[in-house]
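Engineer: based on what follows, work out the 3D shape:
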Amino acid sequence: DECIHFRRIMFELCPLGHEHHRRALDELSRSLYTHFAQRGSISDIDESIQIFREAVSLCLEGHPDRNKYLNELAGLLGSRFEHQGKSHDLDEAISLYEETLRLRPIGHESRDVSLDNLGSQLGAGQGTVLAAVDSELGLVSKFVPPQVKFTNLFGEEATQAGALEALERNT
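Structural biologist: As a prediction, the model looks like this:
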């Protein structure tokens, strides 16, 4: 409670237009989510979602942080869906994760996180096909030469750099 109180003060000291306004929004929202996770108070996650909606609205198309805020908002909606089971939260979370994935093209450092998040949310909706993952696999098969020997990657190799190295070795 005290942490939220101080985050609210920080937020008040950083009004719209202040260079740290988005950071103050982010910190307050994270504190509210932590409080929700610890105590289960739905009003905390509701407020956290409202704050991240504001953060997304401040990051117009092309803003470098837009994908980060969309991803965070989607995660909050997914958490609220897990807590309350309202399908509109799940639908919106999936839609936001899809938008995040579009903003993180192949080669983006967080694309794997986006695919994982989207897959998890799609799995939360029973019977939903993992279309985004299928699409991703289709792109891989389109751009990977047919003579490549497939291999499984584990541990440190299971990164983008490790995968590219393995691709070079197996071509």
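Engineer: quick check: pLDDT value at the residue nearest the centre of the chain.
Structural biologist: The geometric centre of the chain, computed from its C-alpha atoms, lies nearest to residue 71 (Cα atoms, centre = their mean), at 2.7 Å. With respect to pLDDT, residue 71 scores 94.
Engineer: tell me the contacts of it?
Structural biologist: Listed by Cβ atoms under 8 Å, 6 or more residues apart in numbering, the contact partners of residue 71 are 96-97, 100, 110, 113-114, 117. All C-beta spots, glycine's among them, are computed from the backbone N, C-alpha and C.
Engineer: out of these, grab the one that's most surrounded.
Structural biologist: For the contacts of residue 71, the largest neighbour count, defined by other Cβ atoms under 10 Å, is 27 neighbours, found at residue 97.
Engineer: my guess is that one contacts residue 76, does it?
Structural biologist: No: the pair residue 97 / residue 76 is not scored as a contact, 11.9 Å apart, by Cβ atoms under 8 Å.
Engineer: number of residues surrounding residue 41?
Structural biologist: For residue 41, the neighbour count with other Cβ under 10 Å is 13.
Engineer: quick one: residues contacting the closest residue to it other than its chain neighbours.
Structural biologist: Distances taken as Cβ to Cβ, 6 or more residues apart in numbering put residue 35 closest to residue 41, at 6.6 Å, once the chain neighbours are dropped. By Cβ under 8 Å, 6+ apart, residue 35 lies in contact with 1, 3-4, 41, 44.
Engineer: so which of the residues you listed comes closest to residue 80?
Structural biologist: Nearest to residue 80 among the contacts of residue 35 is residue 44, at 10.3 Å by Cβ to Cβ.
Engineer: for the chain, give me the ranges with low pLDDT.
Structural biologist: Scanning the chain for pLDDT under 70 picks out 125-171.
Engineer: swap in 90 and give it another go.
Structural biologist: Where the chain drops to pLDDT under 90, the residues are 1, 22, 58-60, 105-107, 111-112, 114-171.
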